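*Asks:* here's my sequence, what's the structure:
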Amino acid sequence: MIELMILGFLAEGPLHGYELRRKMAQLHGYARTFSDGTVYPAINRLVAAGALTREMHRGQAAAQKGILRLTDAGHERLRRLLRDADGYDITDTGRYFVVLAFLSQLPDPEERRAVLRRRLAFLDQPASFFYDGAHPLRAKEIDDPYRHGMLVIAKAASKAERAWLREQLDLTTEGHHR
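*Replies:* Next comes the predicted model:
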């Protein structure tokens, strides 16, 4: 997800590393901050792979600041990550939201719809946080008020997301964009 966020934000335009890290923290939430030891090695790997370029400029007090730019190879890598989003990229809400944040960078509407269809198929499967063997427990089967609350909230969020996904799939099928 770090690579996807780096590529996705840089697809919107060049950024200094600190600006990129701030945008990543805002998207992913302050509860899951990224350390320099996580972000900068990922940037360095993407530069080495030819997905990014880094132009060094003198900053305040003679400190070097790097402006990062996405290359053509970086754009293709971003499109591949979005197009191939599956598994945890679809089932984990945090990871899926990162994919969704940059899905408009995927130029082919059918490829975008395929990602949305994978998410909808996942949400349409019966699931719960709590099970009796293989049977997913529903809110009405849970006595604990906090666990019950978890299921009520999750059900409402899932219902809203499924409605939005169906709306998007219907709109894009008709050739309209929102």
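
*Asks:* close enough to count as contact, E111 and D84?
*Replies:* No. Contact between E111 and D84 fails when scored by CB atoms under 8 Å: they sit 9.6 Å apart. For every residue, glycine as well, the C-beta is placed using N, CA and C.

*Asks:* of these two, which one has the most company?
*Replies:* A count of neighbours by other CB atoms under 10 Å puts E111 above the other of E111 and D84, at 15 against 12.

*Asks:* what distance do you get for the more buried one to L103?
*Replies:* 9 Å (CB to CB, to the nearest Å).

*Asks:* need the residues touching each of those two.
*Replies:* Taking CB atoms under 8 Å, 6 or more residues apart in numbering as the contact rule, E111 and L103 both touch L82.

*Asks:* now do the buried residues in the lengthiest helix in the chain.
*Replies:* Using DSSP state H, we find that the single longest helix of the chain is helix 145-173. Neighbour counts over helix 145-173 (16 or more other CB atoms under 10 Å) mark 148, 150-151, 165, 168, 172 as buried.

*Asks:* do the same with stretch 70-88
*Replies:* Of all the residues in stretch 70-88, those buried under the rule 16+ other CB under 10 Å are 70-71, 74-75, 77-79, 81-82, 85.
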